[in-house]
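Q: starting from these lines, generate the structure:
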Amino acid sequence: MESTDHEETALSRRQAAAETGPFVLRALLEDLPLSAEGDRDDIEINCVEFLEQNLYVGTSASEILHFVQIPPDPEDASGKPSYILASRLPPAYHEPPTAARPGVQQILLLPKVNKACILCNWTVTFYSLPELSPVFGTTQIRPCNWIGGIDLNIDLSGSGQDVKAPSVTVLASLNKKIRVIKISEDPRGLRTIDFAGSVTSVRRDSFACVADSHSYALLDVDRLLKIPLFPISSLDDSQSGNIGGHVEDISGNTSGGISRSTSSAQGYSNAPPDDRGHGRSTSLGTFMTGGARRPGQRATSGDRTGRETPEGIFRESSPAPAREPSPANKPLPAPPSESEATEQQHPPPPPPPAPVLLKPHVVSPTPQEFLLVTGTGPRDPGVGMFVNLEGDPTRSTLEFDKYPEQLVVDGRGVGVDPTPTTMDDDEEGYVLASMTRDFGEESRHGVEIQRWDLDPGEGDTEKYWLEAPAKDSSLPGRVGMRSVVDVGDVYFEAIVERLRLKRFQPFATRSMDASILSLHSFDSRTAMSLERVSGERELFESTDDLPQEWEDHRNEEEQQFAQRLGHARTRVVAWSGNAIWWTVRNPLVLRLDASLTDMTTTQVREDQTYPSMDRRKLIEVVNSLRGREAKTETEFLSLGYIRQRAGLLLFMSGLDALAPPPSEPEYRICEDALLEGGLDPRVILAIVPYLRNEIVEGRKGIWIHGGVKDVADSFITNSISENSNTSKQSGVMSDHILNFLRRFLAAWRKKKGFGSIANENEVFRSVDAALLIVLLQLDSATPPGPPKGKSVRLDLYELVDKGVDCFERAISLLESHRRLYVLSRLYQSRKMAGEVLATWRRIVEGEPDEGGEFREGEQKVREYLTKIRNQALVQEYGVWLATRNPKLGVQVFAEDRSQVKFEPTQVVEILRAGAPGAVKDYLEYLVFNKNHAEYINELIAYYLDIVTSKLEESEEARSTLAQTYESYRALRPPKPTYRQFITDNTINEEWWHSRLRLLQLLGGSQGSASQYDVAAILARIAPYTQELVPEVIILDGRQSHHEEALRLLTHGLGDYDTAINYCLLGGSSIYHPVSGTVARESLPSREQQAELFGFLLSEFLQIEDISNRVEQTSNLLERFGGWFDVGHVLSLIPDSWSVDLVSGFLVSALRRIVRERSETMVTKALSGAENLKVTADLIGKIDAAGPSIEA
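A: Below is the predicted model of the structure:
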């Protein structure tokens, strides 16, 4: 019993392994009745042909079994045809002289002329198609080694040919010759080729590659030339003298007569061709043979043929007398004599072992090439060699593990241009070799498969082994192979099961309670949110489900569509024992699917949720599909399915918490496979419990390939089993899984808008929600604050900025994760300004925002308010902001670029009502920035209130002002102006800044800015004239009290530079912060300036400090001497002063006097010259007029 189990296991293993190869065997016909009576088990299948639903099987019992195909029910796309035995035909043949009878050796179908040539026991007979009725009377060809050599470049079906007189040219090999025969309504010999002992031939146009029992050769059947190639066995030296690249004439003797049989002993033995008998030659005349054996006739004395009348073209003629060879050609001696001569010329000291005669194999993979096989022995490796039509090698050699017994090529080859006869063939070229290989001590029969169109190093040169299925534990026998005339159709039900779309229901596999509960270990807020979503989904799907008939109809449509994909075509058949199989290309989807299945272990440990997988091999499968483009609809769907399944398996392998996580390149490969395969991303979400409840199935559900559905269902069933624990679930959302999902889902988002995405709304709602969760999970480890560089937080911003389809779900998720700033960006993507501002206000007012990105929130609120057009929102949040930050708040109403405009009076009223503390700031904006003079008095009143209130209540403030005056007066020249001094030494208090603004307003002269009520202001500051000295000076100047103002500037402040400016400007704008902006028309006249400078000189001469008095007076006179009268100045300067103190003034005065005198002289001279010119012009005009006489 154990032995039987072991054998069955081994058999199953061999069959499973075969399914991963490029070819598989599918039953064509089994349990053939090879024996008519059923009493013989030694009968074998020799050859098989198939044409137009007719199957012809030649057996070793010299019979042809004709089966007719019964098509399946047209309504059943998966139905298989059946076959019935139509006839059992024993072909006529001439009795061989020996007991060896190979039976039916060849079945050559000629559909173009509706004829069949049957080679049975070395005799060729002719029949009609398809019923195999004898034709051509009693015509036979014997003894014949083979018949064939049909031009492979011609379509045998005859399409495109002359249908009036169709014909086919074949080659028939006799013992010493090859006859070229044209078969149409009657057979007709065309020519004879002098080539002895040929046993096979393959022809392309006029070039035939033939072989005898020793070597290969190329023949030109039209010009009757031969190029010897190489021996079949490398140990066979019998033909060494004839092997080479030289051309030989093989025209033969065409003057022979008709050959007639004189003895029934004339026949064909099973010995090598050189030992066969010969017929006598007569004239060529007619070529029909008569008296052929009819079915049912019997002969006497061992001669089953009876009386026969052979004709020359179908009988081997006796050898003609040897002719003298032409100078250019070498005669062809008979092979036996050559062998004997070689042995006589080179007798080895010890007798060498007799060379083993190998069966020659010739096939033609392309219109320009032949593939030949050589070797040393039937149990030794073989070598395949490619030659072109000129006999030159063209490709690298092929290696066969054992010398083949049969050889077939399939596919036109990569890089080979298709021809009309190969247009429908597969591109990949394979060579299939039937052989017997040793596996340890066991010899097994099967087929070795490899590519012939790939040179070593250019691609996959792997070999595959295919065995015939055995019915019991015994190994199958020898495998025969052939490429038949017509193609057969093979249906793969497994393709339908894998590629058919089926509805995937992630929530119907098991109750989701376990997975929901496990989520509490991650984030209770997310878990509660998911529970709410789950309840909403149940309510939605319970009310909006489509009727059951819809799903049944969809299933039927998918089944019908997939059934179209399950058909494959092939010409290659294989047989062994009493069974025949189609040798069909293993469909890509089944081949790779079987490879994926082999990579998965069959057992699951208790601590695993899914079987382990060979991740390296999975990646190899995915990489093998890179850059591969589909050529058919089936291949397109197959490639997508394999990428989906391989990518899904690779992803699931990363979910095994006990296995090492995949590397980053492996995840990239997985991602590419899933994206290129187009797997619905909701399947991936279903695999991850943390994201499963984000799936939106929709009314029509999720439809995926059946093979992918099986994998996903199995994983979900295991992952949520009762034995699953939260520790295993926690590993599911590790960082490497999250980063993979981040890239994968982000890539899917880029497909939005593609018309090829089915159920786009449901898909992208699921994708957006899942991606948001993944990014929130990853971003939870990011430090608070704005993003730096390329980070997860930037991806999170990009997600919400571009908008999400799951808007309500996104709000719930962001609220539950306390990501208010991200929520505000989500609202911005929908232009929901009110919600944006409300969310920002929550953050500014202190509500937790775990991201911490909303820095300088008030400034961002101000900027945002300038961009929106909703006046109510701008007013509401402008007042709110002005209450919190007056300076920012007033900018909302004052911004020129704002989309909403307010009138100043309206703003003042709004601020007074909602943010009184911001009124002053807004007035400052109106006065200083917009030069609205009507608000000056009001703003000055605000400043005076602040300053006077401070002075009234604070002795420290009064002493501070007094101290500034003393400190300034103590400074030695050169020193800044008092305004610059107090600005540089500012105090960070509101009253101090208000005073600076007050000075700016009082001292300004820009248009209407100087139009304020001087009397009212004087009344307000009257109690503080000692503390507010600059203010008093400015107001004196406004009232033209220049002497008093200059006195205070000189003696009260000691601000000499400002005093000089006062004289130059006439008392206006002396404290304006911007220099060089005084209008020219506002400046006083020179006389007024001279008057003011006179007042100032008098005050300078009264400075108490004598050194300061002398310095300031000398400086004033030197710099502004032009405004002074020399005499008046000399009268004021004390006599005790040295002339050197005013030398600068005196020198400039004298220079001015000299300059004025010189200017006067020049003016006088110019006036004299002008007078002379006028006088000369007058005299000239008088002379021109001439004298005049007055009456």
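Q: all contacts plus neighbour counts: C-alpha atoms, from now on.
A: Fine.
Q: helices or strands next to the strand ranked longest in the chain in the packing?
A: Across the chain, the longest stretch assigned as strand under DSSP state E is strand 480-491. On a contact count with 3 or more Cα pairs under 8 Å, 6 or more residues apart in numbering; DSSP states H and E, strand 480-491 meets strand 45-51, strand 406-410, strand 567-576, strand 579-585.
Q: other residues contacting the last one?
A: It refers to strand 579-585. 22-32, 488, 490, 568-575 (Cα atoms under 8 Å, 6 or more residues apart in numbering).
Q: does the longest helix seen in the chain pack against any helices or strands, and if so which?
A: The longest helix of the chain (DSSP state H) is helix 1143-1185. Counting contacts by 3+ Cα pairs under 8 Å, 6+ apart, helix 1143-1185 packs against helix 1106-1120.
Q: and the next helix or strand after the helix it packs on, average pLDDT?
A: Next helix or strand after helix 1106-1120 toward the C-terminus (DSSP states H and E): helix 1126-1132. Averaged over helix 1126-1132, pLDDT sits at 77.
Q: P393: what's it in contact with?
A: P393 touches M385, F386, V387, counting by Cα under 8 Å, 6+ apart.
Q: make TSV out of those residues and add neighbour count, secondary structure and distance to F230.
A: What follows is those, written out as TSV (neighbours: other Cα atoms under 10 Å; DSSP: H, G, I helix; E, B strand; the rest coil; distance: Cα to Cα, whole Å):
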residue	neighbour count	secondary structure	distance to F230
M385	19	strand	10
F386	23	strand	12
V387	19	strand	11
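Q: how many neighbours does S638 have?
A: Around S638 there are 24 other residues, counting by other Cα atoms under 10 Å.
Q: OK, contacts around it?
A: Here S638 is in contact with L499, L588, V589 (criterion: Cα under 8 Å, 6+ apart).
Q: can I get the buried part of the residues you listed as one PyMOL selection?
A: Listed next is the PyMOL selection for buried residues among those, using 16 or more other Cα atoms under 10 Å:
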select buried, resi 499+588+589
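Q: closest one of the contacts of S638 to I107?
A: L588 (32.6 Å; Cα to Cα).
Q: let me see the contact set for that closest one.
A: Residues near L588 by Cα under 8 Å, 6+ apart: E635, S638, L639.
Q: make a markdown table from the helices and strands packed on strand 480-491 and add mean neighbour count and mean pLDDT to it.
A: Converted to a markdown table, those look like this (neighbours: other Cα atoms under 10 Å; pLDDT from 0 to 100):
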| stretch | mean neighbour count | mean pLDDT |
| --- | --- | --- |
| strand 45-51 | 23 | 96 |
| strand 406-410 | 21 | 96 |
| strand 567-576 | 22 | 94 |
| strand 579-585 | 22 | 95 |
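Q: which one of these lies nearest to K80?
A: strand 567-576 (10.9 Å).
Q: just the CA atoms of that closest one, as PDB, please.
A: Extracted in PDB, the C-alpha atoms of strand 567-576 (Å, rounded to 0.1, in the frame of the first residue of the first chain):
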ATOM      1  CA  HIS A 567      -9.800  27.800 -26.900                       C
ATOM      2  CA  ALA A 568      -6.300  27.000 -28.200                       C
ATOM      3  CA  ARG A 569      -5.200  25.700 -31.600                       C
ATOM      4  CA  THR A 570      -2.300  23.300 -32.400                       C
ATOM      5  CA  ARG A 571      -1.000  21.100 -35.200                       C
ATOM      6  CA  VAL A 572       1.200  18.900 -33.000                       C
ATOM      7  CA  VAL A 573      -0.100  15.500 -31.900                       C
ATOM      8  CA  ALA A 574       1.600  13.000 -29.600                       C
ATOM      9  CA  TRP A 575       0.700   9.300 -29.000                       C
ATOM     10  CA  SER A 576       1.800   6.500 -26.700                       C
END
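Q: that strand packs against which elements?
A: strand 45-51, strand 480-491, strand 579-585.
Q: for E75, which of the ones you listed is the nearest?
A: Using Cα to Cα as the measure, strand 480-491 is the one of the helices and strands packed on strand 567-576 that comes nearest E75, at 14.4 Å.
Q: and that closest one, which strands flank it?
A: Paired neighbours of strand 480-491 in the sheet (DSSP bridges): strand 567-576 (antiparallel).
Q: and for the partner strand, what's in contact with it?
A: 25, 45, 48, 408, 410, 468, 476-492, 580-585, 587.
Q: quick check: angle from the longest helix of the chain to helix 1106-1120?
A: 10 degrees (axes from the mean of the first three to the mean of the last three Cα atoms, to 10 degrees).
Q: run a quick neighbour tally on D945.
A: Neighbours of D945 using other Cα under 10 Å come to 15.
Q: same question, the one 10 residues further on
A: Applying other Cα under 10 Å, we find 10 residues neighbouring E955.
Q: show the pLDDT at it.
A: 91.
Q: repeat that for the one 5 residues further on.
A: What the model reports as pLDDT for T960 is 90.
Q: what about stretch 634-650, average pLDDT?
A: 93.
Q: whoops, I mixed them up, stretch 110-122
A: 94.
Q: can you pull out the residues in contact with it?
A: Here stretch 110-122 has contacts from 62, 91-96, 101-109, 124-130, 132, 142-147, 156-158, 166-168, 183-185, 268, using Cα under 8 Å, 6+ apart.
Q: now stretch 975-991
A: 943, 946-947, 950, 964, 968, 992-993, 996, 1053, 1055, 1057-1058, 1071.
Q: mind listing what's buried in it?
A: Per 16+ other Cα under 10 Å, stretch 975-991 contains these buried residues: P976, T977, Y978, R979, I982, W991.
Q: just stretch 677-684 next, same as before
A: Buried residues in stretch 677-684 (16+ other Cα under 10 Å): G677, L679, D680, P681, R682, V683, I684.
Q: got those residues as TSV, with distance to R841 and secondary structure columns?
A: Shown next, in TSV, are the buried residues of stretch 677-684 (distance: Cα to Cα, whole Å; DSSP: H, G, I helix; E, B strand; the rest coil):
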residue	distance to R841	secondary structure
G677	46	helix
L679	43	coil
D680	40	coil
P681	37	helix
R682	37	helix
V683	40	helix
I684	39	helix
